[in-house]
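**Student:** give me a model of this one.
(one chain, ligands or ions: 1)
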Amino acid sequence: MKEIYNTLSQLQVVLAQMFEVEDKIKEIPKELADQEDALHKTKITYLELHEKIEKVKEELKTLRIKLDEAGNKRETSEKMMETITQAREFETLQKEIETAKEDEQKFRKGLIAKQNYLEEQEKKLFAQEAVMQNQEEEVREAKEAMDKQIEEKQKELDEIVAKKNELAKDLDPNLLFKFERIIRNKGGKGIVAVHNIVCTGCHMILPAQFVNEVRASTNNESDEDSILFCPYCSRVLYYEDSTDYADLEEKHLAAEEKDDTADIIGGDSSGFDTEGIDFDSDSDF
Ligand SMILES: [Zn+2]
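**Tutor:** Model prediction:
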């Protein structure tokens, strides 16, 4: 087998590892983002509660002033009571005293209710503060863990990339770029064998003439320009002898059933003239 197929086979393992580690590194900050989001929400609730409490305190102040005013009014009226002589004045004062007393009672009731409400809200604020502190601690720890995790993964990635660069050092950059994308899109499998006339990557039947070309390319020690790609799944193909004819028969049957849907599965299926098909086409991924 040509050296290039060996290189690509090794490279696909390294590339699959690289993508896996890269994805993991990308996932790490997401976990922290969730925790930060939770903390942010807690902070908002805390601030809203705090604001509410300040408002209640203001209302309490106003109520106390009103209570004092009603008390003063009653006391003044009560003092005046001692000096009056006429019955009409007495009635008026009596009424004022009654009203002031009612106000006092009303304000006192309001004060007690509001005071209870304030205590309730302060308890909530206290609890919210504890939640907030816990979450802050969690975020801090998660951040530390994240930094450590990223550092470790980055080290791992650096080693993989070094391996990749070593393997790919003699490779055409365009081929490498294309191969990376195939690996990325085809679940880590970028180079597959042709058995008989079947691509073992996507199990599609390939045109006989095209298989001949793959076979020639596999046995040929020439440069990487002769590398051929599956017209259906875009993977790099090499030819491998296989005596699995039972398997092939099965594929034939499957392919007949698939015939109607070939257009949907594998792009251009009109005629199998390999000269006319651009196997370098990127339309597949
Ligand atoms: Zn294929």
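**Student:** please report how far the closest residue to the ion within the stretch 51-200 of the chain lies from Lys178.
**Tutor:** In the stretch 51-200 of the chain, the residue that lies nearest the ion is Cys199 (3.2 Å; C-beta to the ion). C-beta: built from backbone N, CA, C; applies to glycine. Separation of Cys199 from Lys178 (C-beta to C-beta, to the nearest Å): 17 Å.
**Student:** between these two, which is the more surrounded one?
**Tutor:** Neighbour count, other C-beta atoms under 10 Å: between Cys199 and Lys178, Cys199 has more, with 24 against 19.
**Student:** who's the more buried one bridged to?
**Tutor:** Counting by DSSP bridges, Cys199 is bridged to Val194.
**Student:** what distance do you get for it to Leu175?
**Tutor:** 19 Å.
**Student:** got a list of what the residue of the stretch 51-200 of the chain closest to the ion touches?
**Tutor:** 192, 206, 230, 232-233, 235, 237 (C-beta atoms under 8 Å, 6 or more residues apart in numbering).
**Student:** got any ranges where this protein has weak pLDDT?
**Tutor:** Within the chain, the stretches with pLDDT under 70 are 1, 221-225, 244-285.
**Student:** got the residues of it near the ion?
**Tutor:** 199, 201-202, 230, 232-233 (C-beta under 5 Å from the ion).
**Student:** tell me the one of the contacts of Cys199 nearest Ile182?
**Tutor:** Checking the contacts of Cys199 against Ile182 by C-beta to C-beta gives Arg235 as the nearest, at 5.9 Å.
**Student:** count of neighbours near the closest one?
**Tutor:** Arg235 has 24 neighbours, counted by other C-beta under 10 Å.
**Student:** cool, Lys148 as well?
**Tutor:** Residues near Lys148, counting by other C-beta under 10 Å: 10.
**Student:** which one (most neighbours) among the contacts of Cys199?
**Tutor:** Greatest neighbour count in the contacts of Cys199, by other C-beta under 10 Å, goes to Leu237: 29 neighbours.
**Student:** dump the helix or strand that contains that residue to PDB, restricted to CA.
**Tutor:** For Leu237, the enclosing helix or strand under DSSP states H and E is strand 236-240. Coordinates of each C-alpha in strand 236-240 appear next as PDB, following Å, rounded to 0.1, in the frame of the first residue of the first chain:
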ATOM      1  CA  VAL A 236     -10.500   8.800   0.800                       C
ATOM      2  CA  LEU A 237     -10.600   5.400  -0.800                       C
ATOM      3  CA  TYR A 238      -8.000   2.700  -1.200                       C
ATOM      4  CA  TYR A 239      -8.400  -0.800  -2.700                       C
ATOM      5  CA  GLU A 240      -8.200  -3.900  -0.500                       C
END
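**Student:** so what are the sheet partners of it and their directions?
**Tutor:** Next to strand 236-240 in the sheet, as set by DSSP bridges, lie strand 191-195 (parallel), strand 228-229 (antiparallel).
**Student:** so how far is that strand off the chain centroid?
**Tutor:** Centroid separation for strand 236-240 versus its chain: 38 Å, with C-alpha atoms, centre = their mean, to the nearest Å.
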